[in-house]
Structure formats: C-alpha cells, structure tokens
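Visitor: For reference, the sequence and a predicted model appear below.
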There are 2 protein chains.
Amino acid sequence: MCQLLGMNCNIPTDICFSFTGFQARGGATDVHADGWGIAFFEGQGARVFLDPQPSCSSPIAALVRQYPIRSKNVVAHIRKATQGVVALENTHPFMREQWGRYWIFAHNGNLENFSPALDGSCLPVGNTDSERAFCWILQTLRKRFGNTAPAAEALFDAVREIALELGARGEFNFLLAGSDCLIAHASTQLSYVVRQAPFTQAHLKDEDVTVDFSELTTEKDRVAVIATVPLTDNEAWQPMPPGTLWLFSEGSPTRQATTVAGVKRKPAGVQERS
Amino acid sequence: MCQLLGMNCNIPTDICFSFTGFQARGGATDVHADGWGIAFFEGQGARVFLDPQPSCSSPIAALVRQYPIRSKNVVAHIRKATQGVVALENTHPFMREQWGRYWIFAHNGNLENFSPALDGSCLPVGNTDSERAFCWILQTLRKRFGNTAPAAEALFDAVREIALELGARGEFNFLLAGSDCLIAHASTQLSYVVRQAPFTQAHLKDEDVTVDFSELTTEKDRVAVIATVPLTDNEAWQPMPPGTLWLFSEGSPTRQATTVAGVKRKPAGVQERS
C-alpha cells in the first residue's frame, strides 16, 4: 500500500516540517520505497515533483524538504506498489486539467479488476488502478457539470457519489485537490489535525525534529494536515472514520459525508466550520 | 521573448551540460528572468520542473543541473514575459494528456489577439498566448485523429498545417514533444546540432565549461540538441530557416517541411536520416 499526505491552508504555507517526517517513511522508517511525489498549488498554477526512487534517498525530496514552497493546497504520496510497475508514469500524484483548472489526485488502496469505460476525455498513461480511478472521476464530473467548473460544495457532493460507488470495490483512500479546496476520502485509514492559534510546538514521529509554530505563524493562520498515519506524537490528530469524505477549505474541514451505502451516521469528532 | 532548449536522443541521456549554459541565460548572461521550466520524458512518464523565479538563481535549476535525469526527449524554456503575468500558471513548458500520452509544449514568440474557439477538451489555466496555442493544437489534433494517437509522421503533417495557420499570425517558434518524438518549429530563430560518433569536446558559450563527450558516450549514441541560440562555440550548429518544421526522432531530424504558405523550398543544410 501507500501513504498519503495533504495540506490545506488559509494562507500559503510551506510543508517542509510535515514533509520531513513523511519523507522518512519512503524507505527509512517505513516500507513505501517505490517512488514518491508531491504537488503544490500556487495560485491557479500547480507544480508536481515526482521521483520513482525512494523518497528517503531522493535528491529531489531533499530539495523539497529544504526549499520552502508556499502553497494553500498540497498533495503528497509515497508508494508501495500494488498494481503497476515501479515507473515514473505510475508515480502519484497524477495531474490533469479540466475546466481550465488543474486537478491533482493521489490514492492509497487497491481497486481490483477496475476497468471503467473511459470515453477518451481523460485517459491513463500508466497502468495503475489509481490513475484509472482519477480518469473515471474526472470523466464523471465532466459529464455531470459540462464545461463549467462547479463550486466546491457541488463538486464534493458529486465526488461523494463516485466514492460511494468505487469505495464498494476496494480500498480507496484518496486526496483530490484543486487550487482552492482539497477533498479527502477515508476508506480505511486517514487522520487530520488543524493547526491554529494558539500555536504550540510539534514533534515528528519519524525524526527527532521539533518546530515551534508560534514563532513561524500569525494569529490568523490556519493549516489542516491530513495523513494516512499521524506525523507528530504530541498533537491531537483526529481519526477520520472509514467511509467518510471530507472537504477542506481555508485550513478547516468544512463539509463531510458518509460514503458507505445505507449509513447516515455523522463521523465522530468532527466540528463543522464554514 | 523567450528561449527554447530541446533534446532528442536514441538512448536516455542527461542534459546537465546543455542545461548549464541555458540556465545562465535566465537572468545571468541574458534577460530571460521571468521563470523557467524543463520537462523530461522517461518511458511513457513525464516530469516537469517549473519555477517562476529566474533560472540563474533557482534552487530547482541548481538541482536539475546537478542531478542527471536520463531522458530521450527533453523540452526546456526560459521566459521573458510578453503576454501573461509572471506566475506559475504562465510558466512553460505546459503539459497535457491526450490519447493516454503526455504532451509537452513550450513557445518562444508572440501571437497577438489570438483567441481560438476552444471546445473545452483542453483549456488554458493561465493567460498566455502560448498555452492557448497549445490547447488549440491538441484540440485540432483530437478532432482530426479522434481517440487514437497517430504515428509520428501523421502527427507531424497535421502539426504542419496548424503551424502554417498560426505562424501567419505572429512569431511562433515552439517545441512539442511526446514520449518518442520531438517536433520543432522555427518561425524566426532556432538551431540544432547532432552529436554522434566520433564524439569530441564541446565548450559552452555562457559558462567556461567543457565536456569531452567521447569519455561519456558509446559509439551508438546520437543526441540532437535544439536551441534558440547555439549553446556551444565549437560545434557545427545548423540554423533552421524561418518557416520550417522539423521532426526529431532517435537523435536525428527525420522529417522537415516548410510552414510558409506557397513556399516549397527544402531547408538548407539538412541531411535526411530515417
């Protein structure tokens, strides 16, 4: 399997601290050594760093760890291959343009025998279930919304229907980001933490690194970090119950829904913010 | 304006030497300081490094210069903005997927008042004439070839028709690359050199750096380098006449055509290889 890392903020923020811990899991403190990638939105633009090498020893990962790129939406992934060989074209996150905007997708899980009927508007380049799922999501959204990008809430509701359908086929944890929002699906395992005033110290699990966010932030800053497994050992990470979809916007979870058919429960530990 | 750099090889080759000279032109030896980018194909995969900072001082450019990524097709660009603000979304090269393959595009020139009728299959994210031209090229090719990727020669012939049309509207030097070929359009200024056995020394124009390719290559290697302005001062760069389109494959120019209406001349200094 793989691990996911996402960040959604109300002002452009660098991810150097969280990425330092995440990077170590790509071959050093954990087994996800089949490539890694990270995507940053900056305004409407997006840049994606990919490497089919293990992140723990990748020169590109070393650069990303040290070079503070400030972004409101970040998606990162370290891979332990299930479907598809270890190759650049199978390295997450994947990027496509739709409605004149970039979309970024990364997946942790396994959708067996998943061969959706793709119409050619968005096709996979590699041979992972993950990229096929991304293409299917974009195709479904394009059919629903035509050539006009929906608002984040309408997008979320449509993605929920797709997650309901695909989540029934297998493990389907994913992060889907546009320039102004991040949608996270907890199929089996995902947690998040919101950092906001009063800021305190955070200490990584995977490396002995501590940061005092109160020295680096202003009172207005708010940052949500989403990860397969919590990255720090002294913050109140919220487990996201299996079968839940979350919309993150401006550094907070602003919408959530279940993605298990027939289940209407409200996820535990969630505060609505809008 | 901007400058272009392309590389097409018969075996995966790193571009560290050529990029060293090119990088210097992004704010040090020349004025193209409004961002830069480089795209590498590796198999079917592609990775794009982008930075809206000047390449001469970009930490990402420093990494690309030192980290030998081996690729058969590379497209790089340094920007001097004409249309569109300096921003990540306006930084070349641009990437899109079509027919389940990635396509990379970079442009040097200026197409004034160019607002093609785009159908939504490929839309610009930023606001440059260059990205609009790329979307128009892909849309036109999709209409012509449907959902099946054409062979390189058929692609070339179709791109020639588009270059004939758009080249009449303004300066339109460009590089368009897929995983297995590179198409170069000389609208006003572009040159190339083919490096092959017997390999010799090459010396950069922009930095006092010499490389002896005979120490780094095998007899079978063949590398074509295409640049707005020749990068070395001791190699036989071939100027590509204004109004010519070139297909590079396996390290050689394999097809060329004029893109000026009514002109049938064969470009000077071209050897056919197939």
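Guide: Thanks, I have it. Note that the structure is a prediction, hence the values are computed from the model and not measured.

Visitor: The spatially closest residue to A:Gly45 that is not a sequence neighbour: neighbouring residues, count only.
Guide: Nearest non-adjacent residue to A:Gly45, counting by CB to CB, 6 or more residues apart in numbering or on different chains: B:Leu88, 2.8 Å away. Where you see a C-beta, it was placed from the backbone N, CA and C, and this is true even at glycine. Number of residues near B:Leu88 (other CB atoms under 10 Å in any protein chain shown) recorded here: 23.

Visitor: and B:Leu88, backbone torsions?
Guide: Backbone dihedrals for B:Leu88, given as degrees, to the nearest 10, come out at phi -60, psi -40.

Visitor: tell me which residues in the helix or strand harbouring A:Phe156 are buried?
Guide: Element membership for A:Phe156, per DSSP states H and E: helix A:152-167. Using 16 or more other CB atoms under 10 Å in any protein chain shown as the test for burial, helix A:152-167 gives A:Ala152, A:Leu155, A:Phe156, A:Asp157, A:Ala158, A:Val159, A:Arg160, A:Ile162, A:Ala163, A:Leu164, A:Leu166, A:Gly167.

Visitor: Show residues contacting that helix.
Guide: Outside helix A:152-167, the residues that touch it by CB atoms under 8 Å, 6 or more residues apart in numbering or on different chains are A:111, A:114, A:133, A:136-137, A:140-141, A:144-145, A:149-150, A:172, A:174, A:176, A:178, A:180-181, A:183, A:185, A:187, A:243, A:245, A:247, A:249, A:255, A:257, A:259-261.

Visitor: Looking at the residues you listed, which are in strands?
Guide: If you go by DSSP state E, the contacts of helix A:152-167 have A:Leu111, A:Phe172, A:Phe174, A:Leu176, A:Ile183, A:His185, A:Leu245, A:Leu247, A:Ser249, A:Arg255, A:Ala257 in strands.

Visitor: What count of nearby residues applies to A:Glu112?
Guide: Residues contacting A:Glu112 under the criterion other CB under 10 Å number 10.

Visitor: now swap in the one 5 residues further on and tell me
Guide: By the criterion of other CB under 10 Å, A:Ala117 has 6 neighbours.

Visitor: A:Val75 too?
Guide: Under the neighbour criterion other CB under 10 Å, A:Val75 is assigned a count of 31.

Visitor: My read is that it contacts A:Leu182, right?
Guide: Yes. Contact criterion CB atoms under 8 Å: A:Val75 and A:Leu182 qualify, at 7.3 Å.

Visitor: what's the overlap in contacts for those two?
Guide: Common contact partners of A:Val75 and A:Leu182 (CB under 8 Å, 6+ apart): A:Gly6, A:Leu175.

Visitor: Show the pLDDT at A:Thr82.
Guide: On the pLDDT scale, A:Thr82 is placed at 82.

Visitor: hang on, isn't it packed against A:Met1?
Guide: Yes. A:Thr82 lies in contact with A:Met1 (CB under 8 Å); the separation is 6.7 Å.

Visitor: Near chain B, which residues of chain A are found?
Guide: Listed as neighbours of chain B in chain A under the rule CB under 8 Å from any CB of the partner chain: A:42-52, A:59-60, A:63, A:66-67, A:87-91, A:95-97, A:99-102, A:119-126, A:146-147.

Visitor: Count the neighbours of A:Ala81 for me.
Guide: 18.

Visitor: Check the gap between whichever residue of the stretch 151-274 of chain A sits closest to chain B and A:Ala152 for me.
Guide: Minimum separation of the stretch 151-274 of chain A from chain B (CB to the nearest CB) falls at A:Ser179, amounting to 8.8 Å. Remark: distance between A:Ser179 and A:Ala152 (CB to CB, to the nearest Å) = 11 Å.

Visitor: Next: A:Leu88.
Guide: 31 Å.

Visitor: Kindly report the same for A:Ser18.
Guide: On the measure of CB to CB, A:Ser18 and A:Ala152 end up 23 Å apart.

Visitor: try A:Gln201
Guide: Taking CB to CB as the measure, A:Gln201 falls 32 Å from A:Ala152.

Visitor: what about the nearest residue to A:Gln98 once chain neighbours are set aside, how many residues close to it?
Guide: Spatially, and ignoring its direct neighbours in sequence, A:Gln98 is nearest to A:Leu138 (5.3 Å; CB to CB, 6+ apart). Residues near A:Leu138, counting by other CB under 10 Å, number 21.

Visitor: Same check on A:Arg25?
Guide: With neighbours defined by other CB under 10 Å, the count for A:Arg25 comes to 27.
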